[in-house]
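**Q** okay, structure incoming, though there's no sequence with it:
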C-alpha cells in the first residue's frame, strides 16, 4: 500500500472520529486516571512508604532555577565567602534599581534609607553599624552577600526572605551608597 493510501485512510479515520453520537458515552482509556481517588495534601496515604501524601523532595535535589550556596553561617564561612564568591551581575541602572527596591524593603528599617544605621527600628533596638563606615566599605562583595544571607551579630539572616539575585543586587546598591561613583568592587581573584 502506498503512502498516499495510508495517509488518506488515516485522514478518513480522523474525520470519522469527529462525528459523535451524543447519546452514547465515549470510550474511556485508563478510567483510573479519570476517576482517581484524591488524597488531601496533609492526610495519611496508604499508598506511600511513609504514609504521607505530601512527599519531601528526593535527597540532593535542587529546585529549578536555584543555585545552592554551599556556605554555612559563622565567621570562618563569612571569610571564605569573601574570597570565593563573586557578584555575577554586572552593574547597570536596572540592577541598581532592583537593589534599591530590595534595600528599601528589607534593609532600610534598620540601616535607614541612606545606610547610616538610623532606620525607624533603631528607636527600640541597638543602632546597627553604618554601611558607609570604613569597615563596611572594606568588606568584599561575597562577604556582604554572606552577611545578608546568614546574618551577623544582632542582624538576622535574610536568606529565606531575599532571593539570591536580589542579594547580589543589594550588594551593588550598597556599593553605590558607599561611593556613588563606583558600584560593586572590582576584586582580583
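**A** Cool, the structure landed. Predicted model, so just to flag it, every value in this text is computed and none were measured.

**Q** all contacts plus neighbour counts: C-alpha atoms, from now on.
**A** Will do.

**Q** distance of residue 160 from residue 167?
**A** Separation of residue 160 from residue 167 (C-alpha to C-alpha, to the nearest Å): 11 Å.

**Q** common neighbours of those two, please.
**A** Taking C-alpha atoms under 8 Å, 6 or more residues apart in numbering as the contact rule, residue 160 and residue 167 both touch residue 149.

**Q** between those two, who's got more neighbours?
**A** Just comparing residue 160 and residue 167: by other C-alpha atoms under 10 Å the higher neighbour count belongs to residue 167, 25 against 9.

**Q** what about the more buried one, helix or strand, and which?
**A** helix 164-178 (DSSP states H and E).

**Q** show me what that helix is packed up against.
**A** Helices and strands touching helix 164-178, as assessed by 3 or more C-alpha pairs under 8 Å, 6 or more residues apart in numbering; DSSP states H and E, comprise helix 93-102, helix 141-150.

**Q** mean neighbour count, these: which tops it?
**A** Comparing those by mean neighbour count (mean count of other C-alpha atoms under 10 Å), helix 141-150 ranks first with a mean of 24.

**Q** what's the angle between that helix and helix 164-178?
**A** 120 degrees (axes from the mean of the first three to the mean of the last three C-alpha atoms, to 10 degrees).

**Q** elements contacting helix 141-150?
**A** Applying 3+ C-alpha pairs under 8 Å, 6+ apart, we find helix 141-150 packed against helix 75-84, helix 164-178.

**Q** for residue 46, which non-adjacent residue is spatially closest?
**A** residue 52 (7.8 Å; C-alpha to C-alpha, 6 or more residues apart in numbering).

**Q** just the pLDDT at the one you found, thanks.
**A** pLDDT for residue 52: 89.

**Q** likewise residue 78?
**A** Per-residue confidence (pLDDT) for residue 78: 90.

**Q** next: the one 4 residues further on.
**A** Residue 82 is assigned 90 on the pLDDT scale.

**Q** for the most centrally placed residue in the chain, give me its contacts.
**A** For the chain, the residue nearest the mean C-alpha position is residue 163 (4.4 Å; C-alpha atoms, centre = their mean). If you count contacts by C-alpha under 8 Å, 6+ apart, residue 163 has none.

**Q** switch the cut-off to 10 Å
**A** Residue 163 sits next to 66, 102, 149, 169 when contact means C-alpha atoms under 10 Å, 6 or more residues apart in numbering.

**Q** repeat for residue 14
**A** Residues near residue 14 by C-alpha under 10 Å, 6+ apart: residue 8.

**Q** now do the strand or helix carrying it, average pLDDT.
**A** Per DSSP H and E: residue 14 is located in helix 3-18. For helix 3-18, mean pLDDT rounds to 74.

**Q** cool, stretch 164-178 as well?
**A** Stretch 164-178 comes out at a mean pLDDT of 94.

**Q** residues in contact with the lowest-mean-pLDDT helix or strand in the chain?
**A** Least confident helix or strand, the chain: helix 31-34 with a mean of 72, by mean pLDDT, DSSP states H and E. By C-alpha under 10 Å, 6+ apart, the residues outside helix 31-34 that reach it are residue 28.
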